[in-house]
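J.: The sequence and its predicted three-dimensional model are supplied below.
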Amino acid sequence: MTTPDTLVYAIFGYIVIFGILGGYILRLVALSHKNK
Amino acid sequence: MLRILSVLAGVLITVAFAMVLFYAPIELNMGLVQKVFYFHMAAAWVGMLAFLMAVIFAIQFLRIRDLKWDYLEASSVEIGLVFTLVANFSGMIWAKAAWNTWWTWDPRLTTTTIMAFTYIAYLLLWRGVDDPQKRAQFGAIYAIIGFATVPLTFFSARLLRTIHPILIGAGMDMNLTPEMLHTMIVSVIAFTVLYSALVIFRADIMTRQEAHKDAHLIEEDY
């Protein structure tokens, strides 16, 4: 596999990792505001 | 405490990410996609740690019968599930580049899926019980029994024939350079601190949610 290919997968991987975690944290912040 | 842990988690994740980008070398065979591994491994570790912590919180609840431990236990399961999903999806992307397939029914991948579904069922059932004491008792027993899936997942790659790399213990087949090892350790610490912050935050929200629910019921009674 060439470097540009693996770069695309690496970027995709990090979008998934921080996307899921970021989404969950935002949900918690919203829940926290709702239940003040 | 929550604020300190949140800031510390943010700083550590930034440092770990900088190490992934600038400190850890590019792996010869897999290339840049190997860099997904650091947070994949950290997420898988935190997932299992969260389920172990849920057992400890469950035992505490069964001993003391204080609902605080039930909220910590359910929070730990929920966060563990989020980290397990992160590990699974990031692993799928790595697998597509390394194995040329998004998914295969390898023992490690299969047992991880069983573990995830066990805890998805926990959350669905936990939310389905209205009486807080009954829910806490059910949750505590489920968290203890459900934990059987965690060692099953951990040892699946060691005891069964698998294509999943083994990192810790006998049969280590990923030859990490010292730079890679340092980056992995910092990533694991960063996600562990993030877990600690999240579990406190989530349990606090659950306590407030329950208090609101009780207040609402009292209003309805009048």
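T.: Noted; the coordinates are in hand.

J.: buried sites along the lowest-mean-pLDDT helix or strand in chain B?
T.: When the helices and strands of chain B are scored by mean pLDDT, DSSP states H and E, helix B:149-159 comes last with a mean of 86. When neighbours are counted by 16 or more other Cβ atoms under 10 Å in any protein chain shown, the buried residues of helix B:149-159 are found to be B:149, B:150, B:152, B:153, B:154, B:156, B:157. Bear in mind the C-beta positions are built from the backbone N, C-alpha and C, glycine included.

J.: and if you look at stretch B:181-188?
T.: For stretch B:181-188, burial by neighbour count (16+ other Cβ under 10 Å) applies to B:183, B:184, B:186, B:187, B:188.

J.: Please apply the same query to stretch B:100-114.
T.: Under 16+ other Cβ under 10 Å, the buried positions of stretch B:100-114 are B:106, B:107, B:108, B:109, B:110, B:111, B:112, B:113.

J.: what about the second one, distance to chain A?
T.: Residue B:107 sits at a distance of 23 Å from chain A (criterion: Cβ to the nearest Cβ, to the nearest Å).

J.: Over to the last one?
T.: When distances are taken as Cβ to the nearest Cβ, residue B:113 and chain A turn out to be 16 Å apart.

J.: Contact partners for that residue?
T.: Contact analysis of residue B:113 by Cβ atoms under 8 Å, 6 or more residues apart in numbering or on different chains lists residue B:88.

J.: what do you get for the third one?
T.: If you count contacts by Cβ under 8 Å, 6+ apart, residue B:108 has them with B:153, B:156, B:157, B:162, B:164.

J.: How about residue B:132, nearest residue that isn't a chain neighbour?
T.: Distance criterion Cβ to Cβ, 6 or more residues apart in numbering or on different chains; nearest residue to residue B:132, sequence neighbours excluded, is residue B:67 at 5.8 Å.

J.: What are the buried residues along stretch B:54-72?
T.: B:54, B:55, B:57, B:58, B:60, B:61, B:67, B:69, B:70, B:71, B:72.
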